[in-house]
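Asker: need coordinates for the following:
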Amino acid sequence: MSLWTFGGNDEVGPSGLRNAFLLLGLVFVAYLPVLSAGYIWDDDFYLTNNVHLRSGRGLWQIWFSPRSTPQYYPMVFTSYWLEYRLWRLHPVGFHFDNVLLHGINAILLSRILTTLRVPGAFWAAVIFAIHPVHVESVAWITERKNVLSGLFSLLAFQAYWRFAVSDGQVKATTRTAWYSLSLLTYACALLSKSVTCSLPAVIVLVLWWKQERLSWRLVAPLAPMFVLGLAAGLNTASLEAHHVGAKGIEWNWTAWERCLIAARIVWFYAGKLIWPWPLIFIYPKWQIRSDNWWMCGALVAAVLLLVALWWGARRWGRGPFTACLIYGGTLFPALGFINVYPMRYSFVADHFQYLASIGLIALVVASVASFIKQNGVFSVLVTWGTATLLLVMVGTTFLRCFDYRDRESLWTATVADNPNCWMAQYHLAAVRFDQQRYLEAADLFQRALQHSPKDGPDTESLAELHGYLADCYLAMQQTAAAQEQFLAALKHFEQQLARPNADRSELYNNLGVIHGKMGQLIQSRDAFERAVELEPNRVEINQNLGELQFRLKRFDESTARFERVLQLDPQNIRAHYNLAVLSMTRGDRSRARQHLDAALRVQPEFVAAQQLRRQLDAK
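Answerer: Numbers count the residues shown, from 1 in each chain. Take a look at the predicted model:
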C-alpha cells in the first residue's frame with residue numbers, strides 16, 4: 001500500500017460532533033492563560049488607540065481609506081469595530097475571539113483533510129490546534145489577521161472543492177452557489193491578510209494530486225482568484241514600502257542573497273515545527289553572506305528534497321511532493337523576495353507560518369499514520385506515544401502563553417532569549433520607565449543604542465532612543481546628561497528630514513516634542529504647526545499642539561485645537577480632560593464636568609479625571 005491512499009474512515013479517533021468538541025476543548029485548555037492576558041506590542045495602533053473603532057465614520061474609513069490604518073485589512077478592523085461595540089476595550093473579549101477562531105480553524109482543517117482522505121486527518125488537526133508555534137498568532141490580538149484570514153481561506157478551499165468535485169447529479173445552481181461562496185470567502189481572506197493570495201495555487205496543487213489528469217474545466221474558474229490575489233499582493237507590497245516603510249538599504253539584497261535567505265527561512269520554520277524550542281518573539285537577525293557554504297547547502301538541500309520527492313512519486317504517490325510545495329508556496333510572501341517591515345529586525349517570526357504549517361503537519365502525520373497502518377505497530381505503544389506528545393504540546397503551549405500576558409512579560413522573555421535585540425531592549429526600557437524604575441530604563445536604553453542600526457531608516461529610532469534616555473536622566477535630575485541626549489535626538493531627527501522619502505509630519509511632531517522638553521516652546525510650537533500643515537487630521541499632532549498652546553497660555557487656540565481632536569476622535573479622553581482643565585481656568589465648572597464625565601465614560605479608571613471630578617464636587 002502506498003503512502004496516503006487509505007481514507008478518513010480508517011482513522012483512529014472520534015468523529016463528527018465529538019471530533020469538533022474535542023478540538024475546541026483542547027484549544028481552550030492550551031490557551032487558557034490567554035483569556036486573562038492584556039495588550040502587547042502594536043495593539044495600541046490596531047486597537048486601543050485606533051480612533052476608527054469608535055464611530056460609524058471610522059468604519060467607512062477602515063474600508064475606503066487604505067492609509068487610515070496600519071495595514072489595509074478591513075475585515076480585521078471591522079471585527080475590532082464590532083467587538084468594540086460589545087465590550088469596549090476589555091481585552092478578554094478580543095482574546096476569547098482569537099482563541100475561538102483558532103479552534104474553528106482546527107475543526108475546518110480536520111474536515112478538509114478527511115474529505116481529501118489524508119491519513120490521520122483528525123490528528124493532524126489536533127497538532128495544528130495545540131502546536132506551540134501558533135501561540136504568537138493566537139495570543140497576540142494584533143495577529144487576528146492570521147486566525148481570521150485562516151478561517152476564510154479554509155472556508156474558500158472547502159467551498160471550491162465542493163464546486164470542483166460535484167458530479168453530474170448536482171444541480172447547476174448548487175454548483176454556482178458553491179463557486180460564488182468560494183470567491184466571496186477568498187476575498188474576505190485577502191481583506192484579512194493578503195498572504196492568503198497563494199490559496200488558488202494551493203487548490204491547483206491539490207487538484208493535481210487528487211485527479212489523475214488535471215482538467216482545465218476545474219482550473220479555469222480559479223482565474224478570478226488569481227487576479228484578486230495578485231492585486232491584493234501588489235497593494236500590500238506597495239503599502240509596506242510607502243506607508244509602513246519597508247524600503248531602503250536594509251533591503252538591498254541581491255537576487256542570490258534573497259534565495260539564500262529563503263532557503264534558510266524554509267528550514268528554520270520546518271525545524272520549529274519539529275522541535276519548537278526555543279520560541280522567541282523576535283529571533284536574532286542572521287548575517288547574510290553569499291559565500292557562506294552552509295547557507296548555500298541549505299538551498300541545495302531544499303532543491304534536492306523536491307527532486308527526490310518528485311522522482312519518488314511513483315512509489316509514495318504525489319502527496320508528499322504536493323505537501324512540500326504547498327508549504328513553500330504558502331510561505332512565499334515571507335521568504336524575503338518581497339520586502340516586509342518585520343525583516344528590519346528579524347527574518348523570521350512564528351506567526352508567518354500559521355497557514356503554511358498545515359502542509360508539513362499533514363505530511364508528517366500522514367507518514368506516521370501510514371507507517372502504523374502498514375506495519376501493525378502495537379496499539380498500546382501508539383496510544384502512549386500519542387498521549388505523551390499531546391500532553392507535552394498542550395503544556396508547552398500553555399506555558400508559552402504566559403509570555404503574552406502583558407508588555408512586561410513579552411519583552412522580559414524576549415530580552416532573556418535574545419539579549420542583543422535592540423527592539424526588545426527599547427520596549428522593555430519603556431515599560432521600566434512607566435514603572436518609574438528609571439535607572440533600569442536608562443541602562444536598557446543605552447544597551448538598545450549600542451545594538452541598534454547606526455545608519456539607514458532606523459536612525460529615527462536612534463533619535464527616539466536618545467529622547468527617551470534624556471527623559472530618564474531628567475527623571476533622575478541629571479539635567480546636563482539629559483540636555484546632551486536631547487541634542488543628539490535633535491541631530492538625528494534633522495538628519496532624517498534631509499532624506500527624500502522621510503515622513504516629515506512624524507519628524508516635525510518628534511522635533512516639537514524634543515524642543516518642548518528642552519523648554520524651547522517657540523521652536524516646539526513651530527514644529528507642531530508644520531506637522532499639522534502636513535497632516536491636519538492626525539490626532540496625536542493636534543493633541544500635542546493643543547497642549548503646547550496651553551503651556552504658552554494661548555487658551556483660545558488651545559481650546560480650538562482640542563475641539564478639533566474631538567472632531568477626529570469624539571471619545572478621546574486626553575482631549576476631554578484638557579478641555580475640562582481649560583473650562584476650569586475660565587470658571588466654567590458645568591462644561592468641565594461634562595468633559596470629565598465624557599472621559600470617564602470611555603475610561604472609568606482614568607485617575608486624573610477622577611481626581612479633578614472630586615475637586616469639582618468638593619467646591
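Asker: can you list the low-confidence ranges for the protein?
Answerer: Applying pLDDT under 70 to the chain flags the ranges 1-15, 167-169, 243-246, 248, 454-460, 501-502, 619.
Asker: so for it, the centremost residue is which one?
Answerer: Geometric centre of the chain, nearest residue: Glu143, 3.6 Å, by C-alpha atoms, centre = their mean.
Asker: tell me which element Ile282 falls in.
Answerer: Counting by DSSP states H and E, no helix or strand carries Ile282.
Asker: find the nearest non-adjacent residue to Arg144, please.
Answerer: Using C-beta to C-beta, 6 or more residues apart in numbering and skipping residues adjacent in sequence, the residue nearest Arg144 is Val76, 5.2 Å away. In short, each C-beta sits where N, CA and C put it, glycine included.
Asker: residues near the nearest residue to Tyr426 once chain neighbours are set aside, how many?
Answerer: Take Tyr426 and drop its neighbours on the chain: the residue closest to it by C-beta to C-beta, 6+ apart is Ala448, 4.4 Å away. Neighbour count of Ala448, defined by other C-beta atoms under 10 Å: 26.
Asker: hmm, Ala448 is touching Leu465, no?
Answerer: Yes. Assessed by C-beta atoms under 8 Å, Ala448 is found in contact with Leu465 at 5.6 Å.
Asker: shared neighbours, these two?
Answerer: Tyr426 (C-beta atoms under 8 Å, 6 or more residues apart in numbering).
Asker: name the helices or strands packed onto the longest helix seen in the chain?
Answerer: Secondary structure of the chain read by DSSP state H shows that its longest helix is helix 91-115. Contacts defined by 3 or more C-beta pairs under 8 Å, 6 or more residues apart in numbering; DSSP states H and E place helix 91-115 against helix 16-30, helix 74-87, helix 121-130, helix 135-139, helix 144-165.
Asker: pull the distance from it to the chain's centre.
Answerer: Here helix 91-115 is found 17 Å from its chain centre; the criterion is C-alpha atoms, centre = their mean, to the nearest Å.
Asker: so which bits of that helix are buried?
Answerer: 91, 93-115 (16 or more other C-beta atoms under 10 Å).
Asker: all strands of the stretch 201-350 of the chain, in order?
Answerer: Assigned strands in the stretch 201-350 of the chain: none (criterion: DSSP state E, counting those that start in this stretch).
Asker: show me where it has helices.
Answerer: Under the criterion DSSP state H, counting those that start in this stretch, helices of the stretch 201-350 of the chain are mapped to 216-219, 223-239, 255-274, 293-311, 313-316, 319-331.
Asker: quick one, which of those helices is packed in tightest?
Answerer: Per residue and on average, the most neighbours among those fall to helix 319-331, with a mean of 23 (mean count of other C-beta atoms under 10 Å).
Asker: other SSEs contacting the next helix or strand after it?
Answerer: Per DSSP H and E, the first helix or strand lying C-terminal to helix 319-331 is helix 357-375. Judged by 3+ C-beta pairs under 8 Å, 6+ apart, helix 357-375 is in contact with helix 121-130, helix 255-274, helix 319-331.
Asker: list the buried residues of helix 357-375.
Answerer: Neighbour counts over helix 357-375 (16+ other C-beta under 10 Å) mark 357-370, 372-373 as buried.
Asker: now, among these, which is nearest to Trp294?
Answerer: Trp294 lies nearest to Leu360 out of these, by C-beta to C-beta, at 21.8 Å.
Asker: ok, now how distant is the nearest residue to Ala237 once chain neighbours are set aside from Thr173?
Answerer: Of all residues not flanking Ala237 in the chain, Ile338 sits nearest, at 5.5 Å (C-beta to C-beta, 6+ apart). Ile338 sits 40 Å away from Thr173, going by C-beta to C-beta, to the nearest Å.
Asker: in terms of neighbours, single out the busier of the two.
Answerer: In this view Ile338 and Thr173 are compared by other C-beta under 10 Å, and Ile338 has more residues nearby, 19 against 7.
Asker: ok, the more buried one - contacts?
Answerer: The neighbours of Ile338, taking C-beta under 8 Å, 6+ apart as the test, are Gly233, Ala237, Glu240.
Asker: what's near enough to touch the last one?
Answerer: By C-beta under 8 Å, 6+ apart, the contact set of Glu240 is Ala246, Ile338, Asn339, Val340, Tyr341.
Asker: same deal with the first one?
Answerer: The neighbourhood of Gly233, defined by C-beta under 8 Å, 6+ apart, consists of Ser194, Cys197, Pro333, Ile338.
Asker: now do 7 Å
Answerer: Gly233 sits next to Ser194, Cys197 when contact means C-beta atoms under 7 Å, 6 or more residues apart in numbering.
Asker: if I look at it, how far off is Ile62?
Answerer: 20 Å.
Asker: how about Glu83?
Answerer: When distance is defined by C-beta to C-beta, Glu83 is 13 Å away from Ile62.
Asker: Tyr39 too?
Answerer: From Tyr39 over to Ile62 (counting by C-beta to C-beta), the distance is 20 Å.
Asker: out of those two, which sits in the more crowded spot?
Answerer: Between Tyr39 and Ile62, counted using other C-beta under 10 Å, the more crowded position is Ile62 (23 against 20).
Asker: what separates that one from Phe96, distance-wise?
Answerer: 22 Å.
Asker: what do you get for Ala429?
Answerer: On the measure of C-beta to C-beta, Ala429 and Phe96 end up 31 Å apart.
Asker: now swap in Ala463 and tell me
Answerer: Using C-beta to C-beta, we find Ala463 at a distance of 39 Å from Phe96.
Asker: likewise for Trp178?
Answerer: 31 Å.
Asker: please apply the same query to Leu497.
Answerer: From Leu497 across to Phe96, the span is 45 Å (C-beta to C-beta).
Asker: what's the answer for Leu552, then?
Answerer: Applying C-beta to C-beta, the value for Leu552 to Phe96 is 47 Å.
Asker: quick one on the thing from earlier: who are the packing partners of whichever strand or helix holds the residue nearest to Tyr426?
Answerer: Per DSSP H and E, Ala448 falls inside helix 438-451. With contacts taken as 3 or more C-beta pairs under 7 Å, 6 or more residues apart in numbering; DSSP states H and E, helix 438-451 sits against helix 422-434, helix 459-475.
Asker: how about residues contacting it?
Answerer: 420, 422, 425-426, 428-429, 432-433, 462, 465, 468-469, 472-473, 475-476.
Asker: residue contacts, Leu89?
Answerer: Neighbouring residues of Leu89 by C-beta under 7 Å, 6+ apart: Thr48.
Asker: for it, helix, strand, or coil?
Answerer: Following DSSP: H, G, I helix; E, B strand; the rest coil, we place Leu89 in the coil state.
Asker: what sits against Leu325?
Answerer: Residues near Leu325 by C-beta under 7 Å, 6+ apart: Leu205.
Asker: wait, I meant Ser68
Answerer: The contact partners of Ser68, by C-beta under 7 Å, 6+ apart, come to His52, Gln61, Ile62.
Asker: how close does it get to Ser55?
Answerer: Between Ser68 and Ser55 the computed distance is 12 Å (C-beta to C-beta).
Asker: in stretch 542-558, what counts as buried?
Answerer: Asn542, Gln543, Asn544, Leu545, Gly546, Glu547, Leu548, Gln549, Phe550, Ser558.
Asker: got TSV for the residues you listed, with secondary structure and distance to Glu533 too?
Answerer: Shown next, in TSV, are the buried residues of stretch 542-558 (DSSP: H, G, I helix; E, B strand; the rest coil; distance: C-beta to C-beta, whole Å):
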residue	secondary structure	distance to Glu533
Asn542	helix	12
Gln543	helix	16
Asn544	helix	14
Leu545	helix	11
Gly546	helix	15
Glu547	helix	18
Leu548	helix	15
Gln549	helix	15
Phe550	helix	20
Ser558	helix	18
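Asker: and the furthest pair within these?
Answerer: The most distant members of the buried residues of stretch 542-558, if one measures by C-beta to C-beta, are Asn542 and Phe550, lying 12.8 Å apart.
Asker: that older thread, mind putting the contacts of Glu240 into CSV with distance to Asn537?
Answerer: Converted to CSV, the contacts of Glu240 look like this (distance: C-beta to C-beta, whole Å):
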residue, distance to Asn537
Ala246, 24
Ile338, 30
Asn339, 28
Val340, 27
Tyr341, 23
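Asker: no further queries at this time; thank you.
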